[in-house]
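A.B. asks: How does the following fold in three dimensions:
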Amino acid sequence: MTEPLRVLVIEDDQITADAHAAYVDRVDGFVAAGVAHTGHEAFRLLRAAHTGRAAPFDLILLDMNLPDTTGIELCRALRAAGIEIDVIAVTAVRDAAVVRSAVSLGIVQYLIKPFGFSTFLDKLQAYRDYHARVGSTGVTDQQEVDASFAALRTSSGADLPKGLTRETLDRVRSAVRDAPTAALSAAELAAMLDLSRVTARRYLEHLADSGVVERAGRYGTPGRPEVEYRRR
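C.D. replies: Residues are numbered from 1 along each chain as shown. Predicted coordinates:
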């Protein structure tokens, strides 16, 4: 029987850390093997595992904002110490510079809070497939390389409400991100993307529920106040 992948949860908030550890234990093939609330504590645990003084970890779930450091700086310290371990960022940070740094450091997945268990499951299952590919027979040719990287790419299509598509959601996200104003109404988005107002509102509501945008009332126009959706 294959041993489960041992996961270290690094998260400063106790309730969130416990929730993420519980999520890990719900996914077949994984076990939450440790929790750290600071960068110092995490480095100590990983150093002990690296030197053989403690059981090894296979994967880190890493928050980007820790009380004593950032997730990016912790990753740099681990790499400098020769501690090679896969990392999934689990964070509310949406800054493009942080994402670029995460990619440059080899962070294999970037999971934005808040999220539901189905999204979490999708990411861990993708990582499990990737780990199985690169850890079993090794990479032998271009096809294997492509397949290994493809295993990490997940569409998260199962997380979308019925009737929503990943392609249109990507268009809506781009429109919200690139809009000349900080906020859009459903009517404005519908006009921009040639969607019905109802459809535009459904996508914006989904992004609001996912924490990507926030709802606010728009006043000063005749009739009922409109709801606008402001990018975070």
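
A.B. asks: For stretch 16-32, list every residue counted as buried.
C.D. replies: Using 16 or more other C-beta atoms under 10 Å as the test for burial, stretch 16-32 gives Ala17, His20, Ala21, Tyr23, Val24, Val27, Phe30, Ala32. Quick note: C-beta positions are derived from backbone N, CA and C, even for glycine.

A.B. asks: Which members of those occur in helices, if any?
C.D. replies: Counted as lying in helices by DSSP state H, out of the buried residues of stretch 16-32, are Ala17, His20, Ala21, Tyr23, Val24.

A.B. asks: list the contacts for the second one?
C.D. replies: Counting by C-beta atoms under 8 Å, 6 or more residues apart in numbering, His20 makes contact with Val9, Glu11, Ala32, Leu61, Val90, Phe120.

A.B. asks: if we can go back for a sec, with the ones in helices among the buried residues of stretch 16-32 in mind, which one is nearest to Ala77?
C.D. replies: Nearest to Ala77 out of these is Ala17 (C-beta to C-beta; 20.2 Å).

A.B. asks: longest helix of this protein?
C.D. replies: helix 117-136.

A.B. asks: which helices and strands sit right next to that helix?
C.D. replies: The helices and strands touching helix 117-136, judged by 3 or more C-beta pairs under 8 Å, 6 or more residues apart in numbering; DSSP states H and E, are helix 14-26, strand 86-91, strand 109-112, helix 142-152.

A.B. asks: Give me the angle between it and helix 14-26.
C.D. replies: Put simply, helix 117-136 runs at 60 degrees to helix 14-26, going by axes from the mean of the first three to the mean of the last three C-alpha atoms, to 10 degrees.

A.B. asks: mind listing what's buried in helix 117-136?
C.D. replies: For helix 117-136, the neighbour count (16+ other C-beta under 10 Å) marks 119-131, 133-134 as buried.

A.B. asks: Need the residues that contact stretch 54-64.
C.D. replies: Identification of contacts with stretch 54-64 by C-beta under 8 Å, 6+ apart yields 5-12, 16, 20, 24, 30, 33-34, 42, 45-46, 48-50, 70-72, 74-75, 85-91, 93, 98, 107, 127, 131.

A.B. asks: Arg47 and Ala81 touch, don't they?
C.D. replies: Yes - counting by C-beta atoms under 8 Å, Arg47 does reach Ala81; the two are 6.9 Å apart.

A.B. asks: out of those two, which sits in the busier spot?
C.D. replies: When neighbours are counted by other C-beta atoms under 10 Å, Arg47 comes out ahead of the other of Arg47 and Ala81, with 15 against 12.

A.B. asks: Need the pLDDT of that one.
C.D. replies: Per-residue pLDDT puts Arg47 at 96.

A.B. asks: Which of the helices or strands spans Pro161?
C.D. replies: Per DSSP states H and E: Pro161 is located in neither a helix nor a strand.
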